[in-house]
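**Q** okay, here's the prediction I keep looking at, along with the sequence it came from:
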Amino acid sequence: MTVEELKAFVNSIPSDMNKFTVVNGEFTTAKDGKTFVMSNNKVLTAYVDRPNKELQLLHQTDKEVKDMILGLDGDS
């Protein structure tokens with residue numbers, strides 16, 4: 001999906017859904033191979049990776065990401 005496609009989709013969402021929470025989900029099958037499993041993580045921040053031309057929607061907070069990049073333990 002491109003950012004252009006994402007913008008078009010977001011702009012098509014009805015206004016009565018404005019307060020819905022954005023999640024990043026993964027749809028898989030359970031070990032039995034028959035049961036479908038959906039796991040969701042709330043999107044808490046976005047990271048723009050310009051060199052790779054990617055927009056990443058993350059379930060970590062902006063502070064958590066910055067601490068990770070700076071090598072901090074998260075208590076600072």
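**A** Sure, I can see it. Numbering: from 1, shown residues only.

**Q** C-alpha from now on. contacts and neighbour counts both.
**A** Will do.

**Q** just the residues contacting whichever strand or helix holds L57, thanks.
**A** According to DSSP states H and E, L57 maps onto strand 54-58. Residues from elsewhere that reach strand 54-58, judged by CA atoms under 8 Å, 6 or more residues apart in numbering: V3, N24, V43, L44, T45, A46, Y47, V48, D49.

**Q** who does the second one bridge with?
**A** With beta bridges defined as DSSP bridges, N24 has these partners: N41.

**Q** how close does the spatially most central residue of the chain sit to V65?
**A** What sits nearest the mean C-alpha location of the chain, by CA atoms, centre = their mean, is L57, with 3.3 Å. Using CA to CA, to the nearest Å, we find L57 at a distance of 12 Å from V65.

**Q** rewinding a little: JSON lines please, covering the contacts of strand 54-58 and showing distance to N18, neighbour count and secondary structure.
**A** Shown next, in JSON lines, are these (distance: CA to CA, whole Å; neighbours: other CA atoms under 10 Å; DSSP: H, G, I helix; E, B strand; the rest coil):
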{"residue": "V3", "distance to N18": "19", "neighbour count": "11", "secondary structure": "helix"}
{"residue": "N24", "distance to N18": "17", "neighbour count": "13", "secondary structure": "strand"}
{"residue": "V43", "distance to N18": "15", "neighbour count": "17", "secondary structure": "coil"}
{"residue": "L44", "distance to N18": "16", "neighbour count": "14", "secondary structure": "coil"}
{"residue": "T45", "distance to N18": "17", "neighbour count": "15", "secondary structure": "strand"}
{"residue": "A46", "distance to N18": "18", "neighbour count": "15", "secondary structure": "strand"}
{"residue": "Y47", "distance to N18": "22", "neighbour count": "12", "secondary structure": "strand"}
{"residue": "V48", "distance to N18": "23", "neighbour count": "11", "secondary structure": "strand"}
{"residue": "D49", "distance to N18": "27", "neighbour count": "10", "secondary structure": "strand"}
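
**Q** between these, which sits nearest N11?
**A** V3 (11.9 Å; CA to CA).

**Q** so who does that closest one touch?
**A** Residues near V3 by CA under 8 Å, 6+ apart: L55.

**Q** change it to 10 Å
**A** F9, K53, E54, L55 (CA atoms under 10 Å, 6 or more residues apart in numbering).
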